[in-house]
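Asks: here is my input, please return the structure:
(4 chains)
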Number of protein chains: 4
Amino acid sequence: MDVKMTAEELTAFLGRVFPQIASDFVIEEVAPRHVRVRLCVEDRHLRPGGTVSGPSVFALADVAVYIGLLAMIGPAELSVTTNCSIDFMRKPAARVDLIAECRMLKIGRSLAIGDVLIFSEGMTEPVARATLTYSIPPK
Amino acid sequence: MDVKMTAEELTAFLGRVFPQIASDFVIEEVAPRHVRVRLCVEDRHLRPGGTVSGPSVFALADVAVYIGLLAMIGPAELSVTTNCSIDFMRKPAARVDLIAECRMLKIGRSLAIGDVLIFSEGMTEPVARATLTYSIPPK
Amino acid sequence: MDVKMTAEELTAFLGRVFPQIASDFVIEEVAPRHVRVRLCVEDRHLRPGGTVSGPSVFALADVAVYIGLLAMIGPAELSVTTNCSIDFMRKPAARVDLIAECRMLKIGRSLAIGDVLIFSEGMTEPVARATLTYSIPPK
Amino acid sequence: MDVKMTAEELTAFLGRVFPQIASDFVIEEVAPRHVRVRLCVEDRHLRPGGTVSGPSVFALADVAVYIGLLAMIGPAELSVTTNCSIDFMRKPAARVDLIAECRMLKIGRSLAIGDVLIFSEGMTEPVARATLTYSIPPK
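Replies: Just a heads-up that it's a prediction; the model follows:
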């Protein structure tokens, strides 16, 4: 399976479809069934103490799988998250970007599943892991 | 088990500990092992089309269980989410507040588990369900 | 929404489709979007110490949602579990039957979601909770 | 982190602590934070059509993380599963052993988290993925 959209195309697409959030994220790498996405951490993503909030970690996992899916099937912007399980395993480093490594485990006709490990940049132990299911609309 | 904090005390506590987000939420009801929390939907919670974003739904579920836990054990603000499973079942109504009904299923010494159903105000079918585990710090 | 199959019909159906396991379970109540199913605990369901094993608890949750789904849509035996999140909250009582209370939260065209609370018979606090998604085959 | 128990020691331990199920499983590889465990598929693990049942897949994931944990911390047999999320992604091949590849993502003082991919032997696409949390008893 080859990728159907490059990092540049995905970035442009995200900016058009989700203009409110697109600037939070950088699509750093796109490969077959794998993408890397960065959350550029700003004050609005933080909890007291400087750590990144749970909803911001969730948002990164959610975007990473969305990008990982569209990279493989093209601009199916109406795909929606139907399920997520997420484990918060370690406290993110204060005021450090988060990096999501996403692997697409299944891309079916109507459902896709992606697995995500999230790291504070420069750390080797993940701060969180998540698995998300997307429902793909019929063409 | 009686509640240890009232809705007013929990509201004041949330404003002190999470000032960035406290104004998004209204704690509407506090009872033994049950709380109801409202997300006051603003533009920043929306996706294109006016529907509430996934991270905003997650944030509401997360806050609801946090409030449901503190209501029963008092102001243990260092409690942190360790796990969440969430199902997005229906599209939220456009520009309508979300209501979370949270039931605490377990409040142990070190772990607590809460179950949440989330509704668009005025609807009878839930838009999402979530279960969250919180780790409670030792005293 | 009315039920499409009674407890008797569901019991006969289960015996025909899953003969290896049907005798483990009793369908105790069938109502719109709600079923109650009992696991008749035998030695093969136990862990050392007499407590019911995790896979047996999972099997009960899985069957309960399957029955809860078929009660509402009729004998779609090719429906399959696609996702489960389960929390084991308390140790089951030794050598006591388990009771699953299942509520169907969504019955869509292609996906159904059921929520389950599991109790050791006679106890008021649940030993486990689970949410399962079933994929419904096209007709 | 080095392993504290070898495959042979873990096999002997499993046979002593869980004699009912130990013969279902073969511990094929033990490395730091990684184990591979095989489910020797027998008739009792099957669903009609010859596919492996959901509870058997769950049992394999559960055992794999248990083994992955004990390999790193030694024989803490009272560790118990507290949470599992599992995605059933493809139909297992009929009457073929299942192989679980488990990676321990976190081994804390009181909680451990392991991630599992499950394959029908000889296939390259996973039939299931699971993440399990174990609670480790205080010493």
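Asks: ignoring the adjacent residues along the chain, who's closest to A:I67?
Replies: Leaving aside its chain neighbours, A:I67 sits nearest to A:V35 (5.1 Å; criterion: C-beta to C-beta, 6 or more residues apart in numbering or on different chains). Quick note: C-beta positions are derived from backbone N, CA and C, even for glycine.
Asks: what's the spacing between the one you found and chain B?
Replies: From A:V35 over to chain B the distance is 18 Å, taken as C-beta to the nearest C-beta, to the nearest Å.
Asks: what is the neighbour count of that residue?
Replies: 30 (other C-beta atoms under 10 Å in any protein chain shown).
Asks: tell me if it really is in a strand.
Replies: Yes: secondary structure of A:V35 (DSSP: H, G, I helix; E, B strand; the rest coil): part of a strand.
Asks: pLDDT value on it, please?
Replies: Note on A:V35: pLDDT of 98.
Asks: dump the residue contacts of it.
Replies: A:27, A:29, A:64, A:67-68, A:71, A:102 (C-beta atoms under 8 Å, 6 or more residues apart in numbering or on different chains).
Asks: by neighbour count, which of the residues you listed wins?
Replies: A:G68 (32 neighbours).
Asks: residue contacts, it?
Replies: A:33-35, A:102-104, A:114.
Asks: for the residue nearest the centre of chain A, give its distance to chain C.
Replies: Nearest residue to the geometric centre of chain A (C-alpha atoms, centre = their mean): A:A64, 1.5 Å. In this view, A:A64 and chain C are 19 Å apart by C-beta to the nearest C-beta.
Asks: if I look at that residue, how far off is D:P32?
Replies: 27 Å (C-beta to C-beta, to the nearest Å).
Asks: next: A:H45.
Replies: As judged by C-beta to C-beta, A:H45 and D:P32 stand 33 Å apart.
Asks: ok, back up a step: quick one: secondary structure of the residue nearest to the centre of chain A?
Replies: Look at A:A64: counting by three-state DSSP, its state is helix.
Asks: the closest residue to A:E121 other than its chain neighbours: neighbour count?
Replies: Excluding its sequence neighbours, the residue lying closest to A:E121 (C-beta to C-beta, 6+ apart) is A:D97, at 4.7 Å. The tally of other residues near A:D97 (other C-beta under 10 Å) stands at 19.
Asks: shouldn't A:D97 be in contact with A:M123?
Replies: No: using C-beta atoms under 8 Å, A:D97 is not in contact with A:M123, being 10.9 Å away.
Asks: hmm, back to that, more neighbours, A:H45 and D:P32?
Replies: Higher neighbour count among A:H45 and D:P32: A:H45, with 22 against 11, using other C-beta under 10 Å.
Asks: ramachandran coordinates for that one?
Replies: Torsion angles at A:H45 (phi, psi; degrees, to the nearest 10) stand at phi -90, psi 0.
Asks: now do the same contact list for it.
Replies: Contacts of A:H45 by C-beta under 8 Å, 6+ apart are A:24, A:39, A:52-53, A:56.
Asks: let's go with 10 Å and repeat that
Replies: Applying C-beta atoms under 10 Å, 6 or more residues apart in numbering or on different chains to A:H45 gives the contacts A:24, A:39, A:51-53, A:55-57, A:59-60, A:92, A:95, A:97-98, B:20.
Asks: what packs against the helix or strand in which A:E9 is found?
Replies: In this assignment (DSSP states H and E), A:E9 forms part of helix A:7-17. Packing partners of helix A:7-17 (3 or more C-beta pairs under 10 Å, 6 or more residues apart in numbering or on different chains; DSSP states H and E): strand A:25-31, strand A:34-39, helix A:54-73.
Asks: other residues contacting it?
Replies: A:3-6, A:21-31, A:35-37, A:63, A:66-68, A:70-71, A:74-75, A:77-78, B:47-48.
Asks: only the buried subset of those residues, as a ChimeraX command please.
Replies: To isolate the buried ones among those in ChimeraX, judged by 16 or more other C-beta atoms under 10 Å in any protein chain shown, type:
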select /A:3,5,21,22,24,25,27,30,35,36,37,63,66,67,68,70,71 /B:47
